[in-house]
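Engineer: Output the structure for:
(one chain, ligands or ions: 1)
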Amino acid sequence: MSCDLVLFGGTGDLVWRKLLPALFQAFRHGTLPADVRIIGIARDELSDEQYRDLIRQRFANVELAKRPTQEEFERFAATLHYLRMDLSQAASYQALAGWLNVRTADTVVMYVATAPSLFTVTCEQLAAHGLNAPHVRIVLEKPLGHDLASNRAINESVLRGFSERQVFRIDHYLGKPSVQNLFAMRFGNALFEPLWRREHIANIQITIAEELGVEKRGSFYDHTGALRDMVQNHALQMLCALAMEPPINSHADAIRDEKLKVLRSLKPWTPETLAQQVIRGQYAGGAIDGIAVPGYRQEAGVNPESTTETFVALRTEIANWRWAGVPFYIRTGKRLAERDAHIEVNFRPTPHAIFKTPAGSANKLVINLQPKDGLELHLLAVGSDNRRLQHQSLSTVQLDLDFDKRFGENRVGAYERLLLDVIDGRLNLFVRSDEQEEAWRWVEPIVDAWEADTAGPRPYASGSWGPSASSAMIARDGYCWSEET
Ligand code: BG6
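Structural biologist: From the prediction side, this is the model:
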């Protein structure tokens, strides 16, 4: 099979940090089509050789195990090409069409890893130059818009030139092995399904905590914030995977239909829930691993009076038969105590207690997403002192499954997996336009409420777990976050 992979934004961060390393891994694993051409597109004046050189230097920053040897790089570099384009100019697309039409590849992938402001013009121009035939696929990176209206405008313009089956909207969380395992756990095993409902589950908590700050993305992030950067996409996709009904098969639309139903069932916001059940925070200075770090407002590219949130915690419910009344909590932030993404499914306590159990020790299933990838099932058992059974105190124990240990740490990474899916035309792990719009529709009232609220985000110390209001919110339901147990 022949494949042309066009990377718009070819000298940008995403391409050299994520996409080319992922493509190299696929190349090394022998899963990239043998007849592949990778074409980097940017405004700089570069020859193929200069582009290869640039990429060679960038690979020095890739972790050692994933770095090519010289011989490997030379073989990989033979697939790399470069084309200068000004994405606002029609003539540039003419040149691209000419370049691609030298041969007719079986599949052409257009990966738009540019500033979002260029998405619309790029898609329109590709279509105008006939680069939208059925064998062409287009990949769009988030953020796809800033709100519902801009998201719709992008989707409409893309769908004027391409059909939905040609459009691959990336949410890289869906490509993570740990998130695949979440689907596998729910829909590949019969064990949990009977328990996976309001009768047995007291609450579900989704945490995506990052230790890093905004790094070099201050000016982008200051216009984005945690709600748009993480909640609208990654966290809601995770919530869908947890709450959706079993799809009728594993086809993309069967999965996406079920996810869409979850998004449509999210309880609408009211002024009361917006005020009490959504907490925003912004990191102040503090210490991470004993090293002092600056506050968000001191970061490069950030407005010193910024009110952009770097932390969000919220509570929601899903209004359907399976989940009515079960709180779902979502929490994400930068500069938190550790890098830790996990989901806690807290089961209800036994209906009648005959043993003494530690407070808050009901069964729970922890789905570890990163840095660990695995499952922990927390159970109660008789500890070492079992002499007086009548007055028995039980202790918590856990079944601990470590997928990294079991399957090896070198499993296919998120971008590698997703890029191969695009090449093969598999849409299962990509987001459909209606899902994306529904997610925007749900977050928009939060954005509006914040805009009208002059109080701004609550400061929290870097290295903490966010503002204390986040703990207070969950405590009102009688629960606590996992690190507080
Ligand atoms: C990206 C966000 O989508 O996800 C970043 O834009 C964030 O701000 C990143 O750091 C987190 O991804 P991961 O894979 O490191 O958890």
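Engineer: Quick check: buried residues in whichever helix or strand Ala469 is part of?
Structural biologist: Using DSSP states H and E, Ala469 maps to helix 468-475. Neighbour-count burial for helix 468-475 flags 470-471, 473-474 (criterion: 16 or more other C-beta atoms under 10 Å). Any C-beta I mention is one placed from the backbone N, CA and C, and that applies to glycine too.
Engineer: again with stretch 268-275
Structural biologist: 269, 273-274.
Engineer: now stretch 73-90
Structural biologist: 73, 76-77, 79-85, 87.
Engineer: what's the answer for stretch 98-113, then?
Structural biologist: Those would be 99-100, 105, 107-113, for stretch 98-113 by 16+ other C-beta under 10 Å.
Engineer: can you tell me which of the residues you listed are in helices?
Structural biologist: 99-100 (DSSP state H).
Engineer: Going along the chain, name the strands of the stretch 301-450 of the chain.
Structural biologist: With strands called from DSSP state E, counting those that start in this stretch, the stretch 301-450 of the chain shows them at 311-316, 328-333, 340-347, 364-370, 374-382, 394-402.
Engineer: The last one pairs with which strands?
Structural biologist: In its sheet, strand 394-402 lies beside strand 374-382 (antiparallel), with partners assigned from DSSP bridges.
Engineer: mean confidence for the partner strand?
Structural biologist: Mean pLDDT, strand 374-382: 94.
Engineer: Stretch 158-165 too?
Structural biologist: pLDDT averaged over stretch 158-165 gives 96.
Engineer: Just the terminal-to-terminal distance for it.
Structural biologist: For stretch 158-165, the first and last residues are 12 Å from each other (C-alpha to C-alpha, to the nearest Å).
Engineer: can you check stretch 102-122 too?
Structural biologist: End-to-end distance for stretch 102-122: 21 Å, by C-alpha to C-alpha.
Engineer: gap between that stretch and the chain center?
Structural biologist: 22 Å (C-alpha atoms, centre = their mean, to the nearest Å).
Engineer: Same check on stretch 7-22?
Structural biologist: Using C-alpha atoms, centre = their mean, the mean C-alpha position of stretch 7-22 is found 17 Å from that of the whole chain.
Engineer: swap in stretch 193-205?
Structural biologist: 24 Å.
Engineer: With Arg458 as the reference, measure out to Ala472.
Structural biologist: 11 Å (C-beta to C-beta, to the nearest Å).
Engineer: JSON lines please, covering the strands of the stretch 301-450 of the chain and showing mean neighbour count and distance to Pro445.
Structural biologist: Shown next, in JSON lines, are those (neighbours: other C-beta atoms under 10 Å; distance: least, C-beta to C-beta, whole Å):
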{"stretch": "strand 311-316", "mean neighbour count": "25", "distance to Pro445": "12"}
{"stretch": "strand 328-333", "mean neighbour count": "24", "distance to Pro445": "15"}
{"stretch": "strand 340-347", "mean neighbour count": "20", "distance to Pro445": "25"}
{"stretch": "strand 364-370", "mean neighbour count": "21", "distance to Pro445": "28"}
{"stretch": "strand 374-382", "mean neighbour count": "16", "distance to Pro445": "34"}
{"stretch": "strand 394-402", "mean neighbour count": "14", "distance to Pro445": "39"}
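Engineer: So which of those strands is nearest Arg37?
Structural biologist: strand 364-370 (33.1 Å; C-beta to C-beta).
Engineer: Mind listing the strands the strand or helix carrying Ile208 pairs with, and their directions?
Structural biologist: Under the criterion of DSSP H and E, Ile208 resides in strand 201-209. Strand 201-209 has the following sheet partners, assigned by DSSP bridges: strand 328-333 (parallel), strand 340-347 (antiparallel).
Engineer: which sections of the stretch 51-200 of the chain are below the confidence cut-off?
Structural biologist: For the stretch 51-200 of the chain, no stretch has pLDDT under 70.
Engineer: Now do the strands in it.
Structural biologist: Using DSSP E, counting those that start in this stretch, strands in the stretch 51-200 of the chain cover 80-84, 107-112, 136-140, 167-169.
Engineer: can you list those in TSV and add distance to Ser395?
Structural biologist: Output for the strands of the stretch 51-200 of the chain, formatted as TSV (distance: least, C-beta to C-beta, whole Å):
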stretch	distance to Ser395
strand 80-84	57
strand 107-112	52
strand 136-140	50
strand 167-169	46
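Engineer: So for Val366, which of these sits nearest?
Structural biologist: Nearest of the strands of the stretch 51-200 of the chain to Val366, taken as C-beta to C-beta: strand 167-169 at 29.2 Å.
Engineer: Now find how far off-centre that closest one is within its chain.
Structural biologist: With C-alpha atoms, centre = their mean, you get 15 Å for strand 167-169.
Engineer: For it, which helices and strands make contact with it?
Structural biologist: Applying 3 or more C-beta pairs under 8 Å, 6 or more residues apart in numbering; DSSP states H and E, one finds that strand 167-169 contacts strand 136-140, helix 414-424, helix 433-452.
Engineer: follow-up on the earlier one: what's the angle from the strand holding Ile208 to helix 468-475?
Structural biologist: 160 degrees (axes from the mean of the first three to the mean of the last three C-alpha atoms, to 10 degrees).
Engineer: And for Ile279, the neighbour number?
Structural biologist: Neighbour count for Ile279, taken as other C-beta atoms under 10 Å: 24.
Engineer: ok, now how distant is the closest residue to Arg52 other than its chain neighbours from Gly30?
Structural biologist: The shortest distance from Arg52 to any non-neighbouring residue, by C-beta to C-beta, 6 or more residues apart in numbering, is to Ala77 (4.4 Å). Plainly put, Ala77 is 17 Å away from Gly30 if you go by C-beta to C-beta.
Engineer: ditto for Ala381
Structural biologist: Applying C-beta to C-beta, the value for Ala381 to Gly30 is 46 Å.
Engineer: circling back: out of the strands of the stretch 301-450 of the chain, flag the one nearest Arg56.
Structural biologist: Each of the strands of the stretch 301-450 of the chain has some distance to Arg56 by C-beta to C-beta; the shortest is strand 364-370, at 29.0 Å.
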